[in-house]
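K.L.:
pasting the sequence and the predicted model now:
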Number of protein chains: 2
Amino acid sequence: MKVQTLKGFRDFLPSQAKKRQYVIDTLKPIFTSFGFEPLETPVLEYEELLLGKYGDEGDKLMYRFTDNGERRVAMRYDQTVPLARVVAQYGSTSSPQDQNFLPMPFKRYQVQPVWRAENTQRGRFREFVQCDIDTVGVDTPLSDAEVISAVARSYQALGFQNFKVLLNDRATFETLPIKAITIIDKLKKIGPERVKEELRNINVDDAMLDEITNKQPTARLTDVMRLAAELGVSESAMQFEPTLARGLDYYTGVIIEIEDAKYSVGSLGGGGRYDNLIGLFAGKQIPAVGFAFGFDRMIEAMDEQKLFPTDVTQSSTKILVTIFNKNLLAQSLEAASQLRDAGIATEIYLSETVPLDKQLKYANQKAIPYVVIIGEDEVKEKKVTLKNLATRDQQRLTLQSVIQKLS
Amino acid sequence: MKVQTLKGFRDFLPSQAKKRQYVIDTLKPIFTSFGFEPLETPVLEYEELLLGKYGDEGDKLMYRFTDNGERRVAMRYDQTVPLARVVAQYGSTSSPQDQNFLPMPFKRYQVQPVWRAENTQRGRFREFVQCDIDTVGVDTPLSDAEVISAVARSYQALGFQNFKVLLNDRATFETLPIKAITIIDKLKKIGPERVKEELRNINVDDAMLDEITNKQPTARLTDVMRLAAELGVSESAMQFEPTLARGLDYYTGVIIEIEDAKYSVGSLGGGGRYDNLIGLFAGKQIPAVGFAFGFDRMIEAMDEQKLFPTDVTQSSTKILVTIFNKNLLAQSLEAASQLRDAGIATEIYLSETVPLDKQLKYANQKAIPYVVIIGEDEVKEKKVTLKNLATRDQQRLTLQSVIQKLS
């Protein structure tokens, strides 16, 4: 039997899971501070709901099957089509008293895994978390600016110091065929000479590139950037990028991409306005603007830039309370309980009959920074010995002093 | 096209999603305070890994299919078999420097959905979250007691006041056939007379019931209960229940169940020692003790007992900053930004051209408790108007006073 994960699927052991959780726990309060609220949708949907929504490639990569009740079902492929379903399914309820009432604009965040049977040789995963914020039901420049502000605050909160919010407006490309836009989008990757060559190959005048490069922001984008600045986004963090394109069959207005000077693999996230998708199931146009955080890349970049705090990269447990001997067990248990009451993450060594040096070895393996030792002398003095495992310093202190020292 | 979820699958709109998140956010720090660390495993596993591990019923209810690469795969059915895989797959790495090193005992928590094609008419869901803590690799009474302590602290932290930790030891039933145990387990549901009748039907002396009912705790359980008390679990919250059985083909030692006096639907969670399962793939016995929180029932019980704080049941947003007119937009945006800087969740009305009464209606629909209004007079006075939508009180204050008032 293969005791292993499927190709493209990952286990997240504690060291990785803690980092992922830290990113989510940092982002959620930012989202909430703007009024974005959580939404969760099922992993499985009716297949017909997802099929054809992501192009031929999407249909091919989608996990689809017949369930035990002979229904054709598909696994979540992204979070936007399910959002469109939710808006169609509940959006018509107009009474705020209804539990399913969706106020408009509907501002939601969603952090759930999606599945795509990608070619894993390209370093892609078949199961990965998407982390999205979207504002549905409003098409104002202010709603675009708010997403930019929420995004900038998010990367700041995670500690990114060198990110730029690249911005463009789909209208910049108004006169161009989609094929030319796709080529121009590769400018950073392949350089201007090859872009021009590829443009010539599809019979587009290569002067187009220079023309685009020299464009000024549209009136709408100028508005959006001013509003974002008024919402606190530093002007130096925003950059108009006339050749920024992204998947243009999808976006209809402002386009956003986050670039980090210290991270070369690619953008850390992207989004924009897409006014034609959310109304898909509702049968009418519903404007929307959103942003997708590049979750895996952000974690990689944060690792490289050492942006995780030490209680994430090291042990969450601050103290291991050792068990000196069986007769003093009650004292150790009570100390552990009091440390926890004081909000200090505390492990107790889980056996009464293991020599102290093996207990210290466990603390070292888990990189727990402190151990507490309670022997007969400590009990007599109503104190405990606190040992710092890194410096090997040890002190005899009251438990109260230990709490003060480590809180 | 059916614009709906599959039977047995649920959307969690913000009002529900916030409650779910609150429960998880409350439990995680408790788990961490005991040294339990997060683990995440994939939704899909090789089918052969899960098949046959949950009995015939499990194989029948499992979501299984052939993936795009002709592999037989299955969706996560619980979190324990994947834990057994993780322990077998990484447990042999002995260097703490290895990123995949699992220290033993391995204490993990896991909060992920699982899928079972249940008959939904019984009010069961086909997708539901499991929330488990487990200690793997140690068989001491202390490790049993620690789980009980973590569990008691968890229900306390959620605000449950009337829960009891029912406890038993599998050894209580040593001499009984499994069938008789299953019958005795139904005592609370069907009463002693019907239990006796069913015992007679399988040719077990019905005096057995009284014999079991009058049993004293085993030496092991007495130990565990004393240690749990030393770890801070109130003795009145623990109750020896000699007829408590749970799925006995699985458990091998202490059995735990949480009962709440105010919640009649069933137990709020359960667990115990199971020393024969985790070693399944590792090919050796690996002791383990754990607990599964009954996530959906807990949320139902908390709803009934009104245990959710108001910022979970009401709007997370504290203030809606309205837009008095287009010329004063910048002042409103700056105020919103400063309120967010001060940690106050603040929405801005996302359009510049909507009359104030419609803006207030939006605040009412979302149950946002306060609105800030910045008109020409306010700008002159360098103040804002703060309006309490419930009391209709309004005051002209500096933004600093608003921050002090609402922080």
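P.N.:
It's in. No experiment lies behind these values; they were computed from the predicted model shown.
K.L.:
quick check: which element contains residue A:320?
P.N.:
strand A:319-321 (DSSP states H and E).
K.L.:
how far out from the middle of the chain is that strand?
P.N.:
32 Å (C-alpha atoms, centre = their mean, to the nearest Å).
K.L.:
check stretch A:256-269 too.
P.N.:
14 Å.
K.L.:
distance between the ends of that stretch?
P.N.:
By C-alpha to C-alpha, to the nearest Å, the extent of stretch A:256-269 from end to end equals 8 Å.
K.L.:
need the mean per-residue confidence for that stretch.
P.N.:
Averaged across stretch A:256-269, pLDDT comes to 94.
K.L.:
try stretch A:231-239
P.N.:
Rounded mean pLDDT across stretch A:231-239 is 96.
K.L.:
that one close to chain B?
P.N.:
Yes: Stretch A:231-239 comes into contact with chain B (C-beta under 8 Å from any C-beta of the partner chain), by way of A:231, A:232. To be clear about C-beta, it is placed using only N, CA and C from the backbone, and glycine gets the same treatment.
K.L.:
for residue A:270, pull up the helix or strand it's in.
P.N.:
Per DSSP H and E, residue A:270 falls inside strand A:269-273.
K.L.:
got the contact list for whatever helix or strand comes next after that strand?
P.N.:
Downstream of strand A:269-273, the first helix or strand assigned by DSSP H and E is strand A:288-293. With C-beta atoms under 8 Å, 6 or more residues apart in numbering or on different chains as the test, strand A:288-293 has contacts from A:27, A:80, A:130-137, A:143-144, A:147, A:150-151, A:154, A:253-254, A:256, A:268-275, A:277-278.
K.L.:
show me where the stretch 51-200 of chain A has its helices.
P.N.:
Taking DSSP state H, counting those that start in this stretch as the test, the helices found in the stretch 51-200 of chain A are A:55-61, A:80-90, A:141-157, A:178-184, A:187-201.
K.L.:
for the first one, C-alpha coordinates in CSV please.
P.N.:
In this case it means helix A:55-61. In CSV, the C-alpha atoms belonging to helix A:55-61 read as follows (Å, rounded to 0.1, in the frame of the first residue of the first chain):
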residue,chain,number,x,y,z
GLY,A,55,-12.8,27.7,-20.6
ASP,A,56,-11.8,24.4,-22.1
GLU,A,57,-8.7,24.2,-19.9
GLY,A,58,-10.8,24.6,-16.8
ASP,A,59,-13.2,21.8,-17.8
LYS,A,60,-10.2,19.5,-18.4
LEU,A,61,-8.5,20.3,-15.1
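K.L.:
which residues touch that helix?
P.N.:
A:51, A:52, A:54, A:77, A:116, A:117, A:118, B:68.
K.L.:
buried set for it?
P.N.:
Buried residues in helix A:55-61, counted by 16 or more other C-beta atoms under 10 Å in any protein chain shown: A:58, A:59, A:61.
K.L.:
out of those residues, who's nearest residue A:168?
P.N.:
Checking these against residue A:168 with C-beta to C-beta, the nearest one is residue A:58 at 24.6 Å.
K.L.:
how far away is the closest one from residue A:50?
P.N.:
Per C-beta to C-beta, to the nearest Å, residue A:58 is found 8 Å from residue A:50.
K.L.:
any shared contact partners between these two?
P.N.:
With C-beta under 8 Å, 6+ apart, residue A:58 and residue A:50 have common neighbours residue A:77.
K.L.:
average pLDDT across the longest helix along chain A?
P.N.:
Longest among the helix segments of chain A by residue count, using DSSP state H, is helix A:14-33. The average pLDDT for helix A:14-33 rounds to 97.
K.L.:
helices or strands up against it?
P.N.:
Applying 3 or more C-beta pairs under 8 Å, 6 or more residues apart in numbering or on different chains; DSSP states H and E, we find helix A:14-33 packed against strand A:106-115, strand A:127-136, helix A:141-157, helix A:295-304, helix A:310-313, strand B:37-38.
K.L.:
buried residues, stretch A:196-204. List them.
P.N.:
Per 16+ other C-beta under 10 Å, stretch A:196-204 contains these buried residues: A:196, A:198, A:199, A:204.
K.L.:
pipe these into JSON lines and attach pLDDT and distance to residue A:111 per row.
P.N.:
Formatted as JSON lines, those follow (pLDDT from 0 to 100; distance: C-beta to C-beta, whole Å):
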{"residue": "A:196", "pLDDT": "93", "distance to residue A:111": "41"}
{"residue": "A:198", "pLDDT": "93", "distance to residue A:111": "37"}
{"residue": "A:199", "pLDDT": "91", "distance to residue A:111": "39"}
{"residue": "A:204", "pLDDT": "89", "distance to residue A:111": "40"}
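K.L.:
which one of the residues you listed sits closest to chain B?
P.N.:
residue A:198 (31.5 Å; C-beta to the nearest C-beta).
K.L.:
and the closest one, what does it touch?
P.N.:
Residue A:198 neighbours (C-beta under 8 Å, 6+ apart): A:183, A:186, A:190.
K.L.:
you'd agree residue A:362 is up against residue B:103?
P.N.:
Yes: in this structure, residue A:362 is within contact of residue B:103 by C-beta atoms under 8 Å, at 6.8 Å.
K.L.:
what's the separation between residue A:241 and chain B?
P.N.:
24 Å (C-beta to the nearest C-beta, to the nearest Å).
K.L.:
kindly report the same for residue A:294.
P.N.:
18 Å.
K.L.:
same deal with residue A:363?
P.N.:
From residue A:363 to chain B the distance is 10 Å (C-beta to the nearest C-beta).
K.L.:
about what we covered before: for the strand holding residue A:270, packing partners?
P.N.:
helix A:141-157, strand A:254-260, strand A:288-293.
K.L.:
repeat the analysis, applying 6 Å as the threshold.
P.N.:
Counting by 3 or more C-beta pairs under 6 Å, 6 or more residues apart in numbering or on different chains; DSSP states H and E, the packing neighbours recorded for strand A:269-273 are strand A:254-260, strand A:288-293.
K.L.:
ok, and the closest non-adjacent residue to residue A:80?
P.N.:
residue A:277 (6.4 Å; C-beta to C-beta, 6 or more residues apart in numbering or on different chains).
K.L.:
next: residue A:298.
P.N.:
Using C-beta to C-beta, 6+ apart, the closest residue to residue A:298 is residue A:268 (5.5 Å).
K.L.:
before we move on, what about residue A:360?
P.N.:
residue A:371 (6.2 Å).
K.L.:
just the element for the one you found, please.
P.N.:
Going by DSSP H and E, residue A:371 is in strand A:370-373.
K.L.:
what average pLDDT does that strand get?
P.N.:
Mean predicted confidence for strand A:370-373 is 97.
K.L.:
could you list the buried residues of the following helix or strand past it?
P.N.:
Remark: after strand A:370-373, the chain's next helix or strand is helix A:376-381, criterion DSSP H and E. Buried residues in helix A:376-381, defined by neighbour count with 16+ other C-beta under 10 Å: residue A:378.
K.L.:
how about residues contacting helix A:376-381?
P.N.:
A:331, A:384, A:385 (C-beta atoms under 6 Å, 6 or more residues apart in numbering or on different chains).
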